[in-house]
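Chemist: Generate coordinates for the sequence data below:
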Amino acid sequence: MIEETAKIVDLEGEYAWVETQRQSACSACAVNKGCGTATISKVLGQKRTRVRTINRLGAKSGDLVVIGIREQALVRGSIAVYAVPLLLLLAGGLFGDWLGQGTDGEGLSILFGLFGLGAGFAWLYYFSKKVSTSPSYQPEILRYHAPQYHV
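Modeler: All right, here's what the predicted structure looks like:
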């Protein structure tokens, strides 16, 4: 489970809208003073992100909570977003190249590659509609955030 601390900003039935603050791993790195990535992170700042989460705890607006999403859902979602359209683009291009053997098949390769990319985006649209209502792909509130006290 991938976890993040968030603050509840709005309630919507069984869901809660939470706001998280993107954090960079640079603050924990030993060489962050001389790293280009750390410098870019400081320039761009830490932005807040609003996310709709399942609220099984009945948390209220203003509460500080820990939200989480399953690693499997994150990996599958990433593959769907990046790999499927790219693979269909390549498959379409190769198919167009195969069809155009013996002739100048570059045009067919480009045409079928774009068709494959479009098919990948169409598939992604329907996939995202399907998983947007699936609880296994939704982040959820796991527990209330307990402040850490250091002595």
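
Chemist: Tell me the helices and strands packed up against the longest helix seen in the chain.
Modeler: Counting by DSSP state H, the longest helix found in the chain is helix 106-131. Here helix 106-131 touches helix 84-99, going by 3 or more C-beta pairs under 8 Å, 6 or more residues apart in numbering; DSSP states H and E. C-beta: built from backbone N, CA, C; applies to glycine.

Chemist: one more time with 10 Å, if that's ok
Modeler: helix 71-78, helix 84-99 (3 or more C-beta pairs under 10 Å, 6 or more residues apart in numbering; DSSP states H and E).

Chemist: Now it: buried residues?
Modeler: Buried residues in helix 106-131, defined by neighbour count with 16 or more other C-beta atoms under 10 Å: 108-109, 111-113, 115-117, 119-120, 124, 131.

Chemist: Now do the buried residues in the helix or strand following that helix.
Modeler: Downstream of helix 106-131, the first helix or strand assigned by DSSP states H and E is strand 140-144. Of all the residues in strand 140-144, those buried under the rule 16+ other C-beta under 10 Å are 140-142.

Chemist: Mind picking out the helix or strand in the chain with the poorest mean pLDDT?
Modeler: helix 36-44 (a mean of 56; mean pLDDT, DSSP states H and E).
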